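Enquirer: The following comprises the amino acid sequence and a computationally predicted model.
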Amino acid sequence: MTPAHMREIASTRWFARVFFLAASSVLLAVLVYHSRKFFPFFVDDALISLQYVKRFVAGQGLTWTEGPAVEGYSNLLWILLLSIPGALGIDLMLAARILGFVATALLPLLLLFRRGIDNPLAMLPAFLVLLLFPLSSIMALWAIGGLEQPLFALLLLLVILALFRQFDVAEYRPRLIRFAAVMLGLTALTRPDGMLFAVLAAMTVLILRWRGRPDLPLRAAGTLLVIPSLSVVGQTAFRLLYYHDWIPNPARIKIAFTADRVRTGMEYLRGGITPEWVFWTVAAFSLLAVVSMKRSRAHGLLLASFLAGWGVYVLLIGGDHFTGLRHFIPLYLFAIAGMVELIRAVAAGANPRRRAAVLIVYGTAIAFLLPQYYVAQRQHYGYPFAESHHWVWDGEVLGRLFHEVYGRQKPLIGVTAAGCYPYWSELPAIDMLGLNDRYIAMHPTRAVGNGWVGHEAGNGAYVLSRKPDLIVFTAGNPEPQFQYEVDFAPGTPFRTQYVPVWMQGSDPFVFAGTVWMRRESPRIGMRRDGGALVIPGVFFAGSEANAARLNDGRTLETPLRAGDTLRCTLPGAIPADARITIRGTHADEIRSVVRGKLLLLTTPAVGAAIEEVRIEQRETP
């Protein structure tokens with residue numbers, strides 16, 4: 001090797017290092033900028049996971065609420081990883097955001113540092129392709145959304161890179177296969193459907209062996225299946241011992257192989273692909289080109305099997321109830337990895353002129369694609385979903401209010417938003433959609449498999465039999481939702497046992513929502529005290545304008561403006577001459593009228609507030 005040749009190599013390596021440093025910085029900066037656009041997005045289902053983490057760290061086991069343990073999660077590894085910062089006292093939401101962001105950021109960086117991308121002609125096209133990661137609103141959204149998808153994608157990428165290294169050599173390297181198998185096992189612990197990729201990876205190895213790769217022995221495919229299977233068997237054994245169940249509870253709620261699921265799955269895939277048809281066309285062309293070239297065929301077959309297998313799976317399960325398209329994260333990973341592999345394969349070609357021409361044309365096409373890609377991402381993907389999901393923070397306000405007011409009484413709360421209310425209120429709860437309730441999951445309605453995935457189950461009779469003291473629909477919606485539109489319709493026992501009241505919290509901001517309170521709850525409802533009937537003032541909060549709020553004594557009181565009339569339906573008729581005592585602000589200015597079961601309160605001149613009303617029957621002389 002001549003000194004001139006050595007200087008050329010050194011210069012190329014120096015340029016590559018500078019380029020990789022600059023490209024990494026830009027990729028991270030774009031992801032930070034894009035993710036901040038969605039802040040403070042955090043999905044309610046992520047708070048379900050954090051509820052398990054919070055209780056686990058507190059020594060209450062892997063449970064969602066008090067009572068028999070139910071496996072309402074499907075992301076065990078994610079929960080266990082978050083338990084580490086949780087045990088150290090780090091805020092769980094912050095920890096989930098950091099872990100998700102780091103995993104997302106590593107996706108383009110690991111592909112950027114792939115061997116073969118250090119060719120000067122390949123660097124710029126590869127960088128432009130990798131910009132598709134941080135420019136994707138789906139990637140940026142779920143980087144901070146709190147769920148396990150970024151970790152799931154990172155583990156899959158590690159599997160892919162390990163298998164790529166095995167495919168690049170003509171000898172069997174057990175360590176690479178074992179590493180890939182361990183990553184597949186962790187993938188299966190992150191999501192149960194991760195086992196699908198173990199099957200697809202083993203099938204790819206078998207196909208390659210059949211197509212003339214004797215260096216890939218049968219034991220390689222066996223290793224890729226056995227090690228992930230051991231993780232599944234281990235988790236199943238734990239599930240049987242701890243939860244006394246064979247499958248996770250959400251599987252009974254969400255999985256249903258019906259024609260409606262296939263239809264919604266097609267709509268889900270079409271909704272993610274159609275606005276970005278240019279990108280997916282380029283990605284498909286790139287993957288076909290990778291498969292067609294001998295030097296990269298094994299890589300292309302692996303990516304194509306992963307892409308097709310996951311796409312069919314998403315089709316069969318009906319997509320997802322999140323319009324943020326989180327199931328597209330693996331699809332984006334496989335598509336972009338295929339584009340990078342095309343650049344890598346072309347850069348390794350023997351004809352310098354042809355190689356340079358192809359890379360210039362491909363890089364130019366990607367450069368023209370990026371603006372259209374980013375605009376479509378803003379219009380069709382994460383932005384609309386993030387904007388519609390702010391109700392989680394409304395749930396935080398009510399949840400904190402419940403904790404402040406009812407933390408000592410520990411009332412039972414029924415919820416359809418199973419994340420925000422249990423997490424912030426720390427009250428015992430019923431998940432009325434069944435993800436964290438075994439009875440509802442074991443007694444599905446006919447609607448399961450024929451509606452909105454994860455929101456079809458429900459059992460009004462069962463919920464009422466548990467006698468929850470509070471019931472909240474999503475973020476304080478005034479009327480029942482989902483299955484409970486039927487089970488709790490007007491004329492049902494629910495309407496006689498529960499009263500809709502408005503509550504207003506102010507931590508961390510002011511928000512008012514509707515809460516259904518059990519009229520005669522022994523913990524927080526109307527109660528008998530000797531011969532008197534005691535009515536908490538919150539039962540008079542029948543409108544948003546008169547929403548009950550905390551007073552200086554940290555109890556709820558209902559404001560009564562001058563000239564207004566508040567009313568409360570009592571459990572039984574009260575004599576017109578009953579003695580009525582009102583406790584609250586300017587209570588002496590409040591006038592009361594009893595009309596059978598109806599109690600009316602008004603104040604003519606000044607505003608007042610009602611904390612409690614006590615009704616006693618006058619003694620007969």
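Expert: Everything's here; your move. Numbering: from 1, shown residues only.
Enquirer: Residue 428 versus the residue lying closest to residue 64 once chain neighbours are set aside, what's the distance?
Expert: Leaving aside its sequence neighbours, residue 64 sits nearest to residue 436 (C-beta to C-beta, 6 or more residues apart in numbering; 4.2 Å). Heads up, the C-betas are built off the backbone N, CA and C, glycines and all. Noted for residue 436: a distance of 12 Å to residue 428, by C-beta to C-beta, to the nearest Å.
Enquirer: out of those two, which sits in the busier spot?
Expert: More crowded of residue 436 and residue 428, by other C-beta atoms under 10 Å: residue 436, with 28 against 15.
Enquirer: and the more buried one, what helix or strand is that in?
Expert: Element membership for residue 436, per DSSP states H and E: none, as it lies in no helix or strand.
Enquirer: So for it, what pLDDT did the model give?
Expert: Looking at residue 436, its pLDDT stands at 95.
Enquirer: where's it relative to residue 69, distance?
Expert: Counting by C-beta to C-beta, the gap from residue 436 to residue 69 is 10 Å.
Enquirer: what number of residues lie near the residue nearest to residue 505 when sequence neighbours are not counted?
Expert: Leaving aside its sequence neighbours, residue 505 sits nearest to residue 401 (C-beta to C-beta, 6+ apart; 3.6 Å). Counted with other C-beta under 10 Å, the neighbours of residue 401 add up to 25.
Enquirer: Over to the one 5 residues further on?
Expert: Residues lying near residue 406 (other C-beta under 10 Å) number 18.
Enquirer: ok, it touching residue 427?
Expert: Yes - counting by C-beta atoms under 8 Å, residue 427 is a contact partner of residue 406 at 6.7 Å.
Enquirer: Common neighbours of those two, please.
Expert: Residues touching both residue 406 and residue 427 (C-beta atoms under 8 Å, 6 or more residues apart in numbering) are residue 470.
Enquirer: Leaving out sequence neighbours, find the closest residue to residue 342.
Expert: In space, residue 342 is closest to residue 286, 4.4 Å off (C-beta to C-beta, 6+ apart).
Enquirer: For that neighbour, list the residues it contacts.
Expert: Neighbour list for residue 286: 335, 338-339, 341-342 [criterion: C-beta under 8 Å, 6+ apart].
Enquirer: How about residue 475?
Expert: Neighbour list for residue 475: 391-392, 394-395, 398, 417, 420, 513 [criterion: C-beta under 8 Å, 6+ apart].
Enquirer: just for this protein, where's the confidence low?
Expert: 1-15, 115-118, 350, 380-383, 385, 605, 618-621 (pLDDT under 70).
Enquirer: now the strands for it?
Expert: 413-415, 429-431, 470-472, 498-505, 511-518, 527-529, 532-536, 549-550, 556-560, 565-569, 579-585, 591-595, 598-602, 608-616 (DSSP state E).
Enquirer: Using CSV, list the CA coordinates for the fourth one.
Expert: In CSV, the C-alpha atoms belonging to strand 498-505 read as follows (Å, rounded to 0.1, in the frame of the first residue of the first chain):
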residue,chain,number,x,y,z
TYR,A,498,-76.8,7.4,40.5
VAL,A,499,-76.9,11.2,40.2
PRO,A,500,-74.8,13.2,37.6
VAL,A,501,-73.0,16.0,39.3
TRP,A,502,-70.4,18.5,38.1
MET,A,503,-67.0,18.7,39.8
GLN,A,504,-64.3,21.3,39.2
GLY,A,505,-60.6,20.8,40.0
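Enquirer: which parts of that strand are buried?
Expert: Within strand 498-505, the residues that count as buried by 16 or more other C-beta atoms under 10 Å are 498-499, 501-505.
Enquirer: again with the longest one
Expert: The neighbour-count criterion (16+ other C-beta under 10 Å) identifies 608-613, 615-616 as the buried residues of strand 608-616.
Enquirer: again with stretch 272-288
Expert: 272, 275-276, 279-280, 282-283, 286-287.
Enquirer: what's residue 165 in contact with, if anything?
Expert: 173, 176.
Enquirer: Any figure for the gap between it and residue 335?
Expert: Counting by C-beta to C-beta, the gap from residue 165 to residue 335 is 21 Å.
Enquirer: do the same with residue 38
Expert: Using C-beta to C-beta, one gets 22 Å for the distance from residue 38 to residue 335.
Enquirer: likewise residue 494?
Expert: As judged by C-beta to C-beta, residue 494 and residue 335 stand 48 Å apart.
Enquirer: Kindly report the same for residue 291.
Expert: 14 Å.
Enquirer: what's the answer for residue 171, then?
Expert: For residue 171 relative to residue 335 (C-beta to C-beta), the value is 30 Å.
Enquirer: More neighbours: these two, which one.
Expert: Neighbour tally, residue 171 and residue 335, criterion other C-beta under 10 Å: the higher count belongs to residue 335, 22 against 7.
Enquirer: That one touches residue 283, doesn't it?
Expert: Yes - with contact defined as C-beta under 8 Å, residue 335 reaches residue 283; the gap is 3.8 Å.
Enquirer: end to end, how far does stretch 55-75 reach?
Expert: By C-alpha to C-alpha, to the nearest Å, the extent of stretch 55-75 from end to end equals 16 Å.
Enquirer: ok now that stretch, how far from the chain's centre?
Expert: Centroid separation between stretch 55-75 and its chain, computed with C-alpha atoms, centre = their mean, to the nearest Å, is 17 Å.
Enquirer: tell me which residues of it are tucked away?
Expert: Buried residues in stretch 55-75 (16+ other C-beta under 10 Å): 55-57, 62-65, 69-75.
Enquirer: what's residue 216 in contact with, if anything?
Expert: 166, 172, 205, 208-209.
Enquirer: With neighbour count added, can I get these in CSV?
Expert: Below are those laid out as CSV (neighbours: other C-beta atoms under 10 Å):
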residue, neighbour count
166, 23
172, 15
205, 29
208, 22
209, 16
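Enquirer: Among those residues, name the ones in helices.
Expert: 166, 205, 208-209 (DSSP state H).
Enquirer: From the residues you listed, pick the one nearest residue 310.
Expert: Residue 310 has its nearest neighbour among those in residue 205, at 18.0 Å by C-beta to C-beta.
Enquirer: Now that that closest one has come up, it's in contact with residue 223, right?
Expert: No - between residue 205 and residue 223 there is no contact under C-beta under 8 Å: 9.3 Å.
Enquirer: List the residues that contact the closest residue to residue 438 other than its chain neighbours.
Expert: Leaving out its chain neighbours, the residue that sits closest to residue 438 by C-beta to C-beta, 6+ apart is residue 70, at 5.0 Å. Neighbouring residues of residue 70 by C-beta under 8 Å, 6+ apart: 63-64, 243, 249, 436-438.
Enquirer: Measure how buried residue 596 is and give me the count.
Expert: Residue 596: 12 neighbours (other C-beta under 10 Å).
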